[in-house]
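> quick one: sequence plus predicted model below, questions after.
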Amino acid sequence: MPAAGEKYYFISSLAKGIRVLELLAEQEALTVTEVADRLGTNRAGSHRFLATLRELGYVEKVDASRYGLTFKLLEEGMKFAGRFEIRRIARSYMLELSSAFRETVNLGYWDGKAIIHLDKIDSREILRMDSGIGTQAPAYCTGLGKAVLAFLPPEELEAYLRTLDLEPLGPKTITDIDSLCRELEITRNQGYALDDEEFCSGLRCVAAPVFDYTGRPAYSMSVAGPAARITEEKIDMIQDLLRAVCSRLSEHLGRPH
């Protein structure tokens, strides 16, 4: 029988197995007891989850007592990411920006709730931002997100805004809807978004939308780096080329005129 509050179709053992994978992704390696403590289950149950995942090739023993993930989970994730043809198409455009500015270049996808990092080219500098491929980021306080939000159809934007809890994630996060709407209007008028330490302290990001064949801002691209390097003068240079690159990519994707 399902526990109180659970849907009839909910398989709690499957959910716990997936949670084991999430724990190992977060902590790198854990003992059977540590997994049990975090799952709120007994040691025997924890051991069965780990043994099953080990048999399936997702988990391995990293020493006498601790378990860690293998690369199989990454391989499966990359198979999924590989279905996004946009990654192949956008690569040359990203390389153009990387060559011009030597900063991290990101490609984001709007899934209707958040921004998914589809691809990136790391900065050549030692000090750089590090957003993992496949990770999610909130749209309201990131350059990639605001570049999309500003160009959404009004009814879709309004629906998104109604769901928002504007949690302050960086020292300059916008935390009220009116201010966010004004920021999105500025973004729409100038054609690019700026994240000035809104998502992360010390990080600046310049982003522009990428439109698909329906004219929808399905993607966005950004150039990001430490605030000390992304100066106002550099922002002006970045946005100029970035908007041009994203416009060309949008045309490649068939954006209607």
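Nice, thanks for sending it over.
> name the helices or strands packed onto the longest helix seen in the chain?
The single longest helix within the chain, with elements called by DSSP state H, is helix 232-252. Where contact means 3 or more Cβ pairs under 8 Å, 6 or more residues apart in numbering; DSSP states H and E, helix 232-252 is packed against helix 85-101, strand 203-210, strand 219-226. Glycine gets a C-beta too; all of them are placed from N, C-alpha and C.
> return the most buried member of those.
Greatest average neighbour count among the helices and strands packed on helix 232-252 goes to strand 203-210 (a mean of 29), per mean count of other Cβ atoms under 10 Å.
> average model confidence for that one?
If you average the pLDDT over strand 203-210, you get 97.
> for stretch 95-114, same thing?
On average, stretch 95-114 scores 94.
> quick one: stretch 67-79 to chain centroid distance?
Distance of stretch 67-79 from the chain centroid (Cα atoms, centre = their mean, to the nearest Å) equals 18 Å.
> in it, what counts as buried?
Neighbour counts over stretch 67-79 (16 or more other Cβ atoms under 10 Å) mark Tyr67, Leu69, Thr70, Leu73 as buried.
> just stretch 52-70 next, same as before
Leu53, Tyr58, Val59, Arg66, Tyr67, Leu69, Thr70.
> so how far is Arg43 from the first one?
Right, the one you point to is Leu53. Distance, Leu53 to Arg43, by Cβ to Cβ, to the nearest Å: 16 Å.
> thinking again about what came up before, so which of the buried residues of stretch 52-70 is the closest to Asp240?
Leu69 (42.3 Å; Cβ to Cβ).
> bridging residues for the closest one?
Leu69 forms beta bridges with Val59, as assigned by DSSP bridges.
> wait, what's in contact with it?
If you count contacts by Cβ atoms under 8 Å, 6 or more residues apart in numbering, Leu69 has them with Leu21, Leu24, Ala25, Tyr58, Val59, Glu60.
> flag the shaky bits of the stretch 101-250 of the chain, pLDDT-wise.
Regions of the stretch 101-250 of the chain meeting the criterion pLDDT under 70 cover residues 126-132.
> all strands for it, in order.
For the stretch 101-250 of the chain, the strands defined by DSSP state E, counting those that start in this stretch cover 104-110, 115-121, 136-137, 193-196, 203-210, 219-226.
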